[in-house]
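Trainee: Provide a 3D model corresponding to the input given below.
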Amino acid sequence: MRTARAGMGRAQGHVRSMERYRHSQRLARNGTRKEADRPHPLEFDESGFPIAQSRPSFGERVARLLGAF
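Mentor: Down below sits the predicted model:
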């Protein structure tokens, strides 16, 4: 009887850890960043070539990081 209860407790522990893992993976995939901070899709010119995206300056990136805290 004791071994059955111990086995069920372990199985429930595994289920809970799997749920936590799935939740953390979902957060990692979907992200928690605001829409403005997410990467934008590539834009293409009329001939189908990608248009180079401008990169924010170092100061803008630092300001965005500091604004997150």
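Trainee: from the structure, what's the count of residues near residue 57?
Mentor: 9 (other CB atoms under 10 Å). Just so you know, the C-beta spots here come from the backbone N, C-alpha and C atoms, and that holds for glycine as well.
Trainee: what's the answer for residue 64, then?
Mentor: Using other CB under 10 Å, residue 64 has 13 neighbouring residues.
Trainee: that one reaches residue 58, doesn't it?
Mentor: No - look at residue 64 against residue 58 with CB atoms under 8 Å: they stay out of range, at 10.9 Å.
Trainee: where along this protein do the strands fall?
Mentor: Taking DSSP state E as the test, the strands found in the chain are 43-44, 50-51.
Trainee: against which helices or strands is the last one packed?
Mentor: Counting contacts by 3 or more CB pairs under 8 Å, 6 or more residues apart in numbering; DSSP states H and E, the secondary-structure elements packed against strand 50-51 are strand 43-44.
Trainee: what's the strand it packs on in contact with?
Mentor: 50, 51, 53 (CB atoms under 8 Å, 6 or more residues apart in numbering).
Trainee: many thanks, have a good one.
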